[in-house]
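Asker: Next one to model:
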Amino acid sequence: MKGNDMRDGLNKDDVAFEINFYNGLIRRNPNFVEALVALGDLYTKAGMYQEGLAVDEKLVQLKPEDPIVLYNLACSYSLLNEIDKAFRAFKKAIHCGYYDFEHLEQDSDLSNLRRDRRFQQYLARIKEKMPSKIAE
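Answerer: Numbers count the residues shown, from 1 in each chain. The predicted structure follows:
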């Protein structure tokens, strides 16, 4: 779900402006989920992975069973090369209903995790168990 480049056509000044904007919203309402999601995505696009992880950890506190939130947490951990944590978050995302296999197999944020043998084996097992229309 997250991106790790400026492909949305935003330059660094735009990203900095948006980060400040969302931080202002969150200062007024620390549990504003939509603003936190946008901020986490911006941090990741700006290469500020540690800050993105902090946002994702906050979102997991607010929405602990949300598969997208858990998937984004796995992405943040993978970007920081925290593979064990990324794998645990990924497994929980799947358990909670994340099934966009096409996306996760191409998501550059998960590149580090995809190289892990446990991930490859787990994903193969999950895809075997899924109805074909979901796993495609």
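Asker: Return the list of helices and strands in contact with the top helix by length along the chain.
Answerer: Longest helix of the chain, by residue count under DSSP state H: helix 12-28. Contacts defined by 3 or more C-beta pairs under 8 Å, 6 or more residues apart in numbering; DSSP states H and E place helix 12-28 against helix 33-45. For glycine as for every other residue, the C-beta is placed from the backbone atoms N, C-alpha and C.
Asker: circling back: run the angle between the longest helix of the chain and helix 33-45 for me.
Answerer: 150 degrees (axes from the mean of the first three to the mean of the last three C-alpha atoms, to 10 degrees).
Asker: surely residue 122 meets residue 91?
Answerer: Yes. The criterion here is C-beta atoms under 8 Å, and residue 122 meets it with residue 91 at 6.6 Å.
Asker: Tell me the confidence at the closest residue in space to residue 43 that isn't next to it in sequence?
Answerer: In this structure, residue 43 finds its nearest non-sequential neighbour in residue 52, 3.7 Å apart by C-beta to C-beta, 6 or more residues apart in numbering. pLDDT for residue 52: 98.
Asker: Neighbours of residue 52, how many?
Answerer: 27 (other C-beta atoms under 10 Å).
Asker: in this protein, which spans are helices?
Answerer: Under DSSP H, the chain gives helices at 12-28, 33-45, 49-62, 67-79, 83-95, 101-106, 111-114, 117-129, 132-135.
Asker: Return the most buried member of those.
Answerer: helix 67-79 (a mean of 25; mean count of other C-beta atoms under 10 Å).
Asker: Can I get that helix in CSV, CA atoms only?
Answerer: Taking Å, rounded to 0.1, in the frame of the first residue of the first chain, the C-alpha atoms of helix 67-79 are listed here in CSV:
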residue,chain,number,x,y,z
PRO,A,67,-5.3,-6.1,7.6
ILE,A,68,-4.1,-3.0,5.6
VAL,A,69,-2.7,-1.4,8.8
LEU,A,70,-0.9,-4.6,9.6
TYR,A,71,0.4,-5.0,6.0
ASN,A,72,1.8,-1.4,6.1
LEU,A,73,3.5,-2.3,9.4
ALA,A,74,5.1,-5.3,7.7
CYS,A,75,6.2,-2.9,4.9
SER,A,76,7.8,-0.5,7.4
TYR,A,77,9.7,-3.3,9.2
SER,A,78,10.9,-4.7,5.8
LEU,A,79,12.1,-1.3,4.7
